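J.: missing the sequence, but the structure's below:
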C-alpha cells in the first residue's frame, strides 16, 4: 500500500459526459501528479500540483482540468468524454523536495462507451 | 527534457540476477535517476533512485556510471513475482515542479 488513495477504482460512462477522479495523497506530501495510461501504452504525464498551485503541465487536453484543494487532495475533471479517453488514470504524490520519490495510487480505470 | 532508452524486453532465470540497463546520455548534473516497475495494470511501484553514487536498498541495487550517462538496475535474486515492466526515469524540473517522464520501459520476464 503506497498510501495514495484514488477513487473510484472503476468508472463507466457515456461519450459526451463529464467525470471527476479523486486522489488523496500520502500524509505530508505536497506534490500531486496525474498520469494517463491507455491500453498497452506508457504512462503519459498530464499535470502536477504543489501545495495547491499548478506547477507543471504535460500532454493534458483542454477538455481535462485538475485542481488541488487546501487539504491537498486533488481532483481530475474530464469533460466531453470520447471513446479514446478510456484509460487508466494514476495519481502520485511526493514530498516534492530534492532527492525524494513519488508514490503512485492504484489508479482509476475509466471506460467510455 | 532528458530521455531514457531501455531495451524493450529481457528474460531472466529465477534465482539469477537481473541486470536492466538504461541509457540517459542527455541527463543534467542535478537530475536524479529513478526506477519504477509496473506489474500488470497496477500503479507503478517505486524501486530506487540515485544521483551519482551507487545505491542499494532491500529491493535492488542501482549502478550509475561515472559520467552519469547510463545506469543499471540489479535485482540480485529474481523471482517470478519480479515479472513486470521496469521504467528508468530521469526526473526533470526543480523543487516543487518536478516531472517524472516515463519512457516505454523494459518488460522483464522471470522464467521458472
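T.: Perfect, thanks for sending it. This is a predicted model, so every value here is computed, not measured. Numbering: from 1, shown residues only, chains lettered A, B, ... in the order given.
J.: Around chain B, pick out the residues from chain A.
T.: Within reach of chain B by CB under 8 Å from any CB of the partner chain, chain A has these residues: A:2, A:4, A:30-31, A:33, A:35, A:37, A:42-45, A:48, A:50-51, A:55-56, A:58, A:88, A:90, A:92, A:94, A:96-99, A:101-107, A:109. For every residue, glycine as well, the C-beta is placed using N, CA and C.
J.: of those, buried ones?
T.: Listed as buried from the residues of chain A next to chain B are A:2, A:4, A:30-31, A:33, A:35, A:37, A:42-45, A:48, A:50, A:55-56, A:58, A:88, A:90, A:92, A:94, A:96, A:101-107, A:109; burial here means 16 or more other CB atoms under 10 Å in any protein chain shown.
J.: how near is the closest residue to chain A within chain B to residue A:56?
T.: Closest to chain A within chain B is residue B:43: 3.7 Å, counting by CB to the nearest CB. Per CB to CB, to the nearest Å, residue B:43 is found 20 Å from residue A:56.
J.: what's the helix or strand for the residue positioned nearest the centre of chain A?
T.: Geometric centre of chain A, nearest residue: residue A:34, 3.3 Å, by CA atoms, centre = their mean. Element membership for residue A:34 (DSSP states H and E) is strand A:31-37.
J.: helices or strands up against that strand?
T.: strand A:44-50, strand A:74-78, strand A:87-94 (3 or more CB pairs under 8 Å, 6 or more residues apart in numbering or on different chains; DSSP states H and E).
J.: Provide the contact partners of it at residue level.
T.: A:23, A:25, A:43-51, A:55, A:60, A:66, A:68, A:72, A:74, A:76, A:87-96, A:102, A:107, B:41, B:96, B:98-100, B:102 (CB atoms under 8 Å, 6 or more residues apart in numbering or on different chains).
J.: Please identify the pairing partners of that strand and their relative orientation?
T.: strand A:44-50 (antiparallel), strand A:87-94 (antiparallel) (DSSP bridges).
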